[in-house]
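1. here is my input; please provide its structure:
(chains A and B)
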Amino acid sequence: MISRNSILKRTWPMLLQCAEAHRKPRWLPVAKSKIYRIPKRPVVSEEERIELLRINNNYKTQMRAIRRFYHEEMIKERSTLESASSEMSQRLEAEEWERCVQLNDKWNAQVAAEREERRKKEFEKMEEYALARIEAKDKELKEKIAQASERIRRQKELSTTFITPETLDEAIDHALANPTDYNFAIDLEGQQYLGRDIPIPSKEQKRKAAENN
Amino acid sequence: MPLPPASGTGRYFVKAAKSIRLIRQGCTNRPFFHISVTHRKRLNSQPVIEQLGSYDPMPNFNNEKLVALNLERIKFWLGHGAHVSPPVAELLGLAGFFPIHPRSYMTAWRNRRTERENSEKQKEAEAAAKTADAA
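-> All right, here's what the predicted structure looks like:
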């Protein structure tokens, strides 16, 4: 029975990408064209070899020292962890804790003061902004009211000429008594001849009129 | 079925040899490496114990190759006797955590030498061109 955990927390992935997928299989012989090819050996001069040997030796020595240092540190840390339960270390830890708490409180107070100041400034700014907005709104409203009252006044002035049910008969009589004809004709010189029944003078008549004048 | 995380499973055998090495995580034509601690006998495609940093070998906009290191954990694993692979040792040397790796020195002086030779060749070519012009 395979547990679910062993599948989920396995160290070996289910899918493996083969790095050799695009390479020649190991069991194939050397290609014919490469049989007599001898790879060129890298040339390292004697001077360079000695220098490399020297710096490699130095590096190894230094690395050994570093490794030993970290190993010893690890052992030291482990031993201090084991001895951490002693009374002395507990007291030291408590003192350290006290100091940290005090420092933390101090920082908190500082930050709180800064925050209070900032919030005050922000509140003032907000208030200013709101007041400005209210003022602008009031102004707009007043303008609107003025415009409306102006319009009302004009309509009231005009209302004296309105036709009401009482004056309807009178208006009809007036209209029948004074018929208006808006028809007109226009000639090439742009003169208007109002009315439908006005005879348009011919060219000769015009000339005569001009001579008379 | 989820794969084990690239940042490490945190599971290891205490007595097995560990190795801090670069593990390639990029894709085709875009190398990117995790600096991870893993069992020395494990393949790079297998899950690691813990990720200790990252290395981006492609220079970025400011011509920098970025390296991130978790030095505290590296100290821890060195204390537990982990081996360090040469590329990681070079990186740590350049970071100032280890002495400079001999290979860094070697590549540096070899690069300097080729540069010097190239410049000399160029000078000679220029001188030859000048004499040809004069003649």
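2. when you work out contacts or count neighbours from here on, use the C-alpha atoms and nothing else.
-> OK.
3. show me which helix runs longest in chain A.
-> helix A:87-158 (DSSP state H).
4. near chain A, which residues of chain B show up?
-> Selection of chain B residues close to chain A by CA under 8 Å from any CA of the partner chain yields B:1-4, B:9, B:45-47, B:75-76, B:78-81, B:98-102, B:106.
5. just the buried residues from those residues, in PyMOL please.
-> Command for PyMOL, covering only those of those found buried under the criterion 16 or more other CA atoms under 10 Å in any protein chain shown:
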select buried, chain B and resi 4+9+45+46+47+75+78+79+80+81+98+99+100+101+102
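6. thinking again about what came up before, mean confidence for the longest helix of chain A?
-> Mean pLDDT, computed over helix A:87-158, is 96.
7. next secondary structure after that helix?
-> helix A:168-177 (DSSP states H and E).
8. now that next one: how far from the chain's centre is it?
-> 70 Å (CA atoms, centre = their mean, to the nearest Å).
9. what sits up against that helix?
-> residue A:163 (CA atoms under 8 Å, 6 or more residues apart in numbering or on different chains).
10. and what of stretch A:69-88?
-> A:89-90, B:75-76, B:78-81.
11. so for it, what gets flagged as buried?
-> Across stretch A:69-88, burial judged by 16+ other CA under 10 Å covers A:70-71, A:74.
12. which pLDDT value goes with the residue of chain A found nearest chain B?
-> For chain A and chain B, the shortest gap (CA to the nearest CA) falls at residue A:71, measuring 4.0 Å. pLDDT, residue A:71: 96.
13. same deal with residue B:18?
-> 96.
14. before we move on, back to that, and the contacts of stretch A:69-88, which is closest to residue B:65?
-> Using CA to CA, residue B:75 is the member of the contacts of stretch A:69-88 that sits closest to residue B:65, with 23.0 Å.
15. OK, contacts around the closest one?
-> Shown in contact with residue B:75 (CA under 8 Å, 6+ apart): residue A:70.
16. so how far is residue A:185 from the nearest residue to residue A:183 once chain neighbours are set aside?
-> By the measure of CA to CA, 6 or more residues apart in numbering or on different chains, the closest residue to residue A:183 outside its immediate chain neighbours is residue A:195, 5.2 Å from it. Here residue A:195 is placed at a distance of 8 Å from residue A:185 (CA to CA, to the nearest Å).
17. give me the distance between the two termini of stretch B:30-49.
-> Stretch B:30-49 stretches 24 Å from its first residue to its last (CA to CA).
18. not counting its own residues, what contacts that stretch?
-> So stretch B:30-49 is contacted by A:11-13, A:16-17, B:4-12, B:16-26, B:50-58, B:69, B:77, B:82, B:88 (CA under 8 Å, 6+ apart).
19. so which bits of it are buried?
-> B:32-40, B:44-49.
20. the residue of chain A closest to chain B sits in which helix or strand?
-> Assigned by DSSP H and E, residue A:71 falls in helix A:46-82.
21. now that helix against helix A:87-158, angle please.
-> Per axes from the mean of the first three to the mean of the last three CA atoms, to 10 degrees, the angle that helix A:46-82 makes with helix A:87-158 is 90 degrees.
22. which ones among the buried residues of stretch B:30-49 lie within strands?
-> If you go by DSSP state E, the buried residues of stretch B:30-49 have B:33-39 in strands.
23. out of those, who's nearest residue B:135?
-> residue B:33 (57.5 Å).
24. if the closest one is in a bridge, with which residues?
-> Note on residue B:33: beta-bridge partners by DSSP bridges are residue B:24, residue B:55.
25. and the residue of chain A closest to chain B, how far from residue B:72?
-> To residue B:72, residue A:71 is 13 Å away according to CA to CA.
26. try residue B:21
-> For residue B:21, the distance to residue B:72 - CA to CA - is 16 Å.
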